[in-house]
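Asker: Structure, please.
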Amino acid sequence: MQTAEFNKKQKGPAKNKGADDPDYENVILTFRNQGQPRGCHSSPKSQVPTQSTPSSDLAKIPHWFHRAITSLYILLAVIFIFCIILSALVLVKNSEMSQELLALKQELWNNSNLVRECQEEQKTGSGLLREDIQETKNFIKSNFREGNGKLEKLQAEVTQIKNSIEKIPETLEKKMNKQPMPQ
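Answerer: All right, here's what the predicted structure looks like:
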């Protein structure tokens, strides 16, 4: 069978191969029944040999080894279940944290809007304050000019009054000199 497959692969007829060819291998499959002695060869009754006794490898494995393997499988199953539970908890916490982050993002957005509004109000207020300061300066300057004008008038009037007061003693003297003095 193997030679036929080999010959098909090599694409050459099996008749040309012989025992002296190094690539040729004559394989004889022999099966023996459980009841027959080792030296007897008979034609096989079935193609698959049956094993009624456990192999020598299985007989050498101690009984505690099977328990250890079973324990390891159980431990592996427990670890697997633990990993599934842990993954589920992580997903739940991740979902909760996502909700919290969205809430914080909304609050931050609201606060940034309030800050922008406050800045606009501050700019508007500072503009109004500048206008008020300028109006106050103009008012003070105009009042100062008016006050200066009034002060100059007042000074002129004071000077006039002073001159009038200085003339009073002279006028009194003249009047007194004109009138005789009673005795």
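
Asker: Any idea how many residues pack against K93?
Answerer: K93 has 10 neighbouring residues, counting by other CB atoms under 10 Å. Every residue, glycine included, has its C-beta placed from N, CA and C.

Asker: sorry, that was for S112
Answerer: 10.

Asker: Ramachandran angles for it?
Answerer: Main-chain torsions, S112, degrees, to the nearest 10: phi -70, psi -40.

Asker: again with I61
Answerer: phi -70, psi 130.

Asker: The one 4 residues further on now?
Answerer: Backbone geometry at F65, expressed as degrees, to the nearest 10, gives phi -60, psi -40.

Asker: What's the separation between it and L72?
Answerer: Noted for F65: a distance of 11 Å to L72, by CB to CB, to the nearest Å.

Asker: what does stretch 87-106 contact?
Answerer: Residues outside stretch 87-106 that contact it (CB atoms under 8 Å, 6 or more residues apart in numbering): none.

Asker: quick one: average confidence on it?
Answerer: In this model, stretch 87-106 has a mean pLDDT of 95.

Asker: count of neighbours near N177?
Answerer: 9.

Asker: The protein - how does it break down into domains?
Answerer: 1-33, 64-177 (automatic domain parsing).
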